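Asker: One predicted model, sequence on top.
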Amino acid sequence: PNHRMALAIQYHECAHILQYRAYNYDPAALDRAMRRVYGKANGTEHMADCIADVMGAQRRGVYSTSGSTTTTYVAGYGGKCSSAHYSAAKKIIAGSKA
């Protein structure tokens, strides 16, 4: 599907592939690095959101479901992405460690 919310989720999941590639498919190393970059637990998920943003995801929005009915959506795990997060995201997209 090419709905903005579906695309945001697809970019997020693609970001996990890029993360694992950058960290040689070592989940423990990836989790340690993402916690270090994000500064909290769940860094791997948060950074996947930031990577998705860099790739063009629109994680928040509103769409019409039928006629005048609208629905607000939020894709991802929430939280803000800082400039440091976006910098790390760009490195991961390029295939480097953050």
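Answerer: In hand now; what should we look at?
Asker: immediately after the helix or strand harbouring Glu45, which helix or strand?
Answerer: According to DSSP states H and E, Glu45 maps onto helix 43-54. Moving toward the C-terminus from helix 43-54, the next helix or strand (DSSP H and E) is strand 60-66.
Asker: residues making contact with the next helix or strand after that following strand?
Answerer: Next helix or strand after strand 60-66 toward the C-terminus (DSSP H and E): strand 69-74. With contact meaning CB atoms under 8 Å, 6 or more residues apart in numbering, strand 69-74 is reached by Met5, Arg59, Arg60, Gly61, Val62, Tyr63, Ser64, Thr65. All C-beta atoms are positioned from the backbone trio N, CA, C, and that covers glycine.
Asker: Now rank those by neighbours and give me the top one.
Answerer: Neighbour counts for those, by other CB atoms under 10 Å, peak at Arg59, which reaches 21 neighbours.
Asker: pretty sure it is touching Gly79, no?
Answerer: No - in this structure, Arg59 is not within contact of Gly79 by CB atoms under 8 Å, at 10.4 Å.
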